[in-house]
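*Asks:* when you get a sec, could you give me coordinates for this:
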Amino acid sequence: MYSAFFWNKDIGFVKRRRKYQTTIQRSMEELEELLKKLEQKTFEENVQSNLLSILYKIETAYKDYETVKRDVETKEEYIEQLIKIIEEKCKKIKLIRMESEESKIHKNNTFYVDKTKGEIECYPIERKLLYAIWKISKKDTIIEDKYYLENIVLSDLLNAGNNIQKVEPIRDFNGYSWTTLNTEIESTAHNLIYQILRNLVGNKLLEKWVYEKENKTDYYKKFLEKIKKEYGEKNSEEIIETIIKTAIMLEIKFDKNKIENFKEDKKETENELKTMQDKHRYVEEITKRKLQILEEIKEIDNKINNKDLLEQEYIIRNEILPLNKKIFSMRVLSNIMIEEREKKYKKIEELNEIMKPTNFVKHYQELEEKNRYLKYLEVENNQQEIENTLTQIQKIFLKCFQSTTKISITKLIRVTNRFPMNAPATANTPQMIPVAETEVPANLFTAATAA
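*Replies:* Here you go, the predicted model:
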């Protein structure tokens, strides 16, 4: 008996030791892989040192992070993705000492990312550097153009929320304890909404959505379908309405330049709604717009095919663009203009579709919805409105959580009632503990939502 006990104990010890050795070996392989990637880059020694330190902290903390967070990618997936971004997206990383003469980063931020050039400037703060690396990997828009306002505001909301989550393994765990400081989170509002969405639709859907490369899948549509299926039409409408409203408020708060763009869009939308009241007049307006777009396409073609005209366009655009949006070369400009031309052709197709009788009413309804969202620009106290909508989002989330809890308990009761209570267990019918519907505590749902 004793020999068997010690034998089993020894086997358990050997298994744990082998698992530990495998983990250490994998960690060393990942470090070696990152070192090889860094050798191919022209990063300075302090940059390499910071990147290796980040990877070491991820190796140390991620197991605990995964245990607590649960619905996240594996450590191997996280590290593989991180190394790939450093290799493919980061052409230059520059760490700036705070006390140096050139210590001011663009717009006095703690870091600056130029996605076009693949460049990062950052103070030597590891969590900021990690945030910048995840940020440089993302597209500015991750929702199809046809959704317009959602494309602008939700893309920024999801990207920022995902960046904040990706920094969690080194920001909130110091190797000994978990500590979440609001002052170290870039935006608690973005983080709160992203975590709510993660709990509603799952981490996997959000990850695929944020890192989709070619926009082949309409993830916004999938998101809407899943919300509606899981929580019902009424709850899904409330969720979407409140999140878009909050996203608009946040967009205005963090990017003042968007206010004028939104106001211009609001004016155009109201004018189009007014014009659509007279269908004959609206047809004339559509025809004029199509002819104007065709002229713009012709002008783009002329500039792309004429080197002198292209060079003039390159100079004109760069004179008015801010530093972080300067066009790198004439070749880049040519590609930008080709994309602009494709968008104009697409716009003509959209105008043709609108004029079809079945689509005319649909387009009018879409404009009304767009105008309804743009009216949030008229809110006087933006910060107070953000706080109000965040409270509302949390209430809706708890309501959704309560509904799924009820469904889960109802399913459990049905399963237990399918089997004879206290019957001997067999291979196909395990022994069940009797559970009656009346035995469910009356305050269970209240306790769940309060947790």
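*Asks:* give me the contact list for the helix or strand hosting Lys208.
*Replies:* Lys208 belongs to helix 203-210 when elements are defined using DSSP states H and E. If you take C-beta atoms under 8 Å, 6 or more residues apart in numbering as the criterion, helix 203-210 is touched by 71-73, 138, 142, 158-159, 162, 194, 197-198, 217, 219-220, 222-223, 226. Yep, even glycine has a C-beta here, placed from its N, CA and C like the rest.
*Asks:* and the helix or strand just after it, what's buried?
*Replies:* On the C-terminal side of helix 203-210, the closest following helix or strand by DSSP H and E is helix 219-254. Across helix 219-254, burial judged by 16 or more other C-beta atoms under 10 Å covers 219-220, 223-224, 227-228, 230-231, 235-236, 238-253.
*Asks:* contacts only, for Lys347.
*Replies:* Ile293.
*Asks:* 10 Å instead, please
*Replies:* Applying C-beta atoms under 10 Å, 6 or more residues apart in numbering to Lys347 gives the contacts Asp145, Arg289, Lys290, Ile293, Glu296, Ile297.
*Asks:* export the residues you listed to a markdown table and tack on distance to Arg127 and neighbour count?
*Replies:* Formatted as a markdown table, these follow (distance: C-beta to C-beta, whole Å; neighbours: other C-beta atoms under 10 Å):
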| residue | distance to Arg127 | neighbour count |
| --- | --- | --- |
| Asp145 | 34 | 13 |
| Arg289 | 48 | 13 |
| Lys290 | 51 | 15 |
| Ile293 | 46 | 16 |
| Glu296 | 45 | 14 |
| Ile297 | 46 | 17 |
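*Asks:* still on that earlier bit, selecting buried members of the contacts of helix 203-210 in PyMOL, what would you type?
*Replies:* Buried members of the contacts of helix 203-210, defined by 16+ other C-beta under 10 Å, are picked up in PyMOL with:
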select buried, resi 72+73+138+142+158+159+162+194+197+198+219+220+223
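*Asks:* list the contacts for Asp172?
*Replies:* Counting by C-beta under 10 Å, 6+ apart, Asp172 has contacts Ala61, Tyr65, Val68, Lys69, Arg127, Trp178, Thr179, Thr180, Leu181, Glu184, Ile185.
*Asks:* what does Lys258 give?
*Replies:* Ile152, Val153, Asp156, Ile248, Glu251, Ile252, Asp265, Leu377.
*Asks:* just give the nearest non-adjacent residue to the residue nearest to the spatial centre of the chain, would you?
*Replies:* In the chain, the residue lying closest to the centroid (C-alpha atoms, centre = their mean) is Leu158, at 2.6 Å. Residue nearest to Leu158 in three dimensions, not counting chain neighbours: Val210, with 5.7 Å by C-beta to C-beta, 6 or more residues apart in numbering.
*Asks:* ok, that neighbour - how many residues close by?
*Replies:* Each residue near Val210 was counted by other C-beta atoms under 10 Å, and the total is 22.
*Asks:* what's around Lys267, how many residues?
*Replies:* A count of neighbours around Lys267, defined by other C-beta under 10 Å, yields 11.
*Asks:* distance of it from Asn371?
*Replies:* 10 Å (C-beta to C-beta, to the nearest Å).
*Asks:* lowest-scoring secondary structure element of the protein by mean pLDDT?
*Replies:* Taking mean pLDDT, DSSP states H and E as the measure, the chain has helix 444-450 as its least confident helix or strand, at a mean of 38.
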